[in-house]
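Engineer: Requesting a structural model of the entry that follows:
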Amino acid sequence: MDRQPTFQQSLIILGAVFALILPAMFIWKAEPHIPLLLAVVISATLLRWSGINWKKMEEGIVGGIQSAVVPMMILSLIGILIGVWMMSGTVPTILAYGIDLLSPNHFALSTLLLTIVVSSLTGSSFTTVSTVGVALTGIAAAMGLDPLITAGAVICGACFGDKMSPLSDTTNFASAVAGADLTAHVRYMTRTTLPALGITLLFFGWKDSSPAADLAAIAAVKEELSAHFTLHWVTLLSPLTVLYCSLKRKPLLPTLTLGILTGLLTAVFIQQETSPARWLQVMQHGFDESFVNQTVASIVNRGGLQSMTWSLSLILIALALGGLLQHCGVFHSLFYTLLRSIKSNGQVVRLAGSSSILVNALTGEQYLSILLPGQMFREEFERRGMANKLLSRTLEDCGTLVNPLVPWGVSGAFFASTLQVPAAGYIPYAIFLWLSPLLTFAYSYRRK
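Structural biologist: Take a look at the predicted model:
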């Protein structure tokens, strides 16, 4: 059997990682890239001290980076897609229509409900955030509403479907890893989801109680949009194509590519953008136009591949750290030792949930936060006669929903880049993501 660090050595390694990352980000306000990179160096040094050879550590780092390839491709295409949709007039048209249809008096609540519907139909938080989420945050900016509250509502609604929809890959993955029936898994999740959703609805309804919309500014935004773009319903065909492919469960990479191609066609025929050089410029660096109204400029001048480089580099480093810790047995040594000392079923649930949260925090990877605890705890749940659906619900509440709360997580980095808000800024408003794991832990105390 390959050598693994002991329980004490694993605690030292994890303690060193958190002792570096937490002060750097939350006290010194540093961006997470360098602290995470230093955490890789420190972890590797301590693992070598624990007797792990460099070849094994290198395999872990490479494996972690390999798992980042598909998320990085998705983020790259979404960055390009956003730039193309600005050039094609798609997002400006949605902005103009949305300003007319959505009232600032109920904007946060309307945003939450709309994103719940879209994410439930598509089963994808990424698709929801990159389509209607981008448009809704733009509308909020045009109305002079708080972008962080809007981002919180978008993320809560988007993650609802990612957790509850039978079409969601994480929903299917969690039930499969835990060995639970999919229908039973979804139904059992309502015990934590519905109370969390009810409180979230009340929260955003309360946040709508004192809107500060500037009607003159809204009129100026609409005028500026009309002056620079042909606002037409045909520009909506590209996002509708993306949503249709998501409903049909088509693979995400081809779906996003199709969205880019249809967006380019819209730009040619509706906005008269016929220069290939212009297309390439927008896809690389994002849409960039001169506007008199600075609110419009801040909403529309964005996107492109380069807009995602912050997130791409962060994900690369975070998953390298996660691959290193996983492959070298740090998680295995820690959790199996703790599991042997547990007496009650409630403690097992709390440890399973805590392990999902810890894996999220240390790897930034949503699927890993479901897979590793699922593999480690499934046998223990079955040995104790505990329902598999209890494990699968715990994995969803503490794995799927916690990932966007980790600034260096795949979802957290993506949401922050796409909605153009800092992760630390939207986290206090993403209360649905907080409440579900807290309810899981609260219910666990009823188990003997």
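Engineer: got the buried residues for the helix or strand harbouring residue 204?
Structural biologist: For residue 204, the host element (DSSP states H and E) is helix 182-207. Neighbour-count burial for helix 182-207 flags 185-186, 188-189, 192-193, 196-197, 200-201, 203-204, 207 (criterion: 16 or more other C-beta atoms under 10 Å). Placement of C-beta: from N, CA and C, glycine included.
Engineer: Pass me the low-pLDDT residue ranges in the protein, would you?
Structural biologist: For the chain, residues meeting the criterion pLDDT under 70 lie at 1-2, 209-215, 447-448.
Engineer: Look at the residue sitting nearest the centre point of it and give its secondary structure.
Structural biologist: With distances taken as C-alpha atoms, centre = their mean, residue 411 lies nearest the centre of the chain, 2.3 Å away. Following DSSP: H, G, I helix; E, B strand; the rest coil, the label given to residue 411 is helix.
Engineer: residues in contact with stretch 227-239?
Structural biologist: For stretch 227-239, the surrounding residues in contact (C-beta atoms under 8 Å, 6 or more residues apart in numbering) are 85, 88-90, 92-94, 96, 131, 225, 259, 262-263, 266, 269-271, 289, 291, 296.
Engineer: picking up where we left off before, what residues does the residue nearest to the centre of the chain make contact with?
Structural biologist: Listed by C-beta under 8 Å, 6+ apart, the contact set of residue 411 reads 125-126, 366, 403-404.
Engineer: Counting only helices, which of the residues you listed make the cut?
Structural biologist: Taking DSSP state H, the ones among the contacts of residue 411 that sit in helices are 125-126, 366.
Engineer: okay if I get those residues as CSV plus distance to residue 181 and neighbour count?
Structural biologist: Shown next, in CSV, are these (distance: C-beta to C-beta, whole Å; neighbours: other C-beta atoms under 10 Å):
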residue, distance to residue 181, neighbour count
125, 23, 32
126, 26, 24
366, 22, 28
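Engineer: Now tabulate the residues you listed in JSON lines and tack on distance to residue 345.
Structural biologist: Shown next, in JSON lines, are these (distance: C-beta to C-beta, whole Å):
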{"residue": "125", "distance to residue 345": "31"}
{"residue": "126", "distance to residue 345": "35"}
{"residue": "366", "distance to residue 345": "26"}
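Engineer: what's around the residue lying closest to residue 92 once chain neighbours are set aside, how many residues?
Structural biologist: Closest residue to residue 92 apart from its sequence neighbours, by C-beta to C-beta, 6 or more residues apart in numbering: residue 229 at 4.5 Å. Other residues near residue 229 number 24, with proximity taken as other C-beta atoms under 10 Å.
Engineer: before we move on, what SS does residue 249 have?
Structural biologist: coil.
Engineer: measure it to residue 131 for me?
Structural biologist: 16 Å (C-beta to C-beta, to the nearest Å).
Engineer: quick one, which of those two is more surrounded?
Structural biologist: Neighbour count, other C-beta under 10 Å: between residue 249 and residue 131, residue 131 has more, with 29 against 13.
Engineer: right, and that one touches residue 242 too?
Structural biologist: Yes - counting by C-beta atoms under 8 Å, residue 131 touches residue 242, with 6.1 Å between them.
Engineer: Beyond the helix holding residue 204, next helix or strand please.
Structural biologist: helix 215-228.
Engineer: how about residue 292, what does it touch?
Structural biologist: By C-beta under 8 Å, 6+ apart, the neighbours of residue 292 are residue 224.
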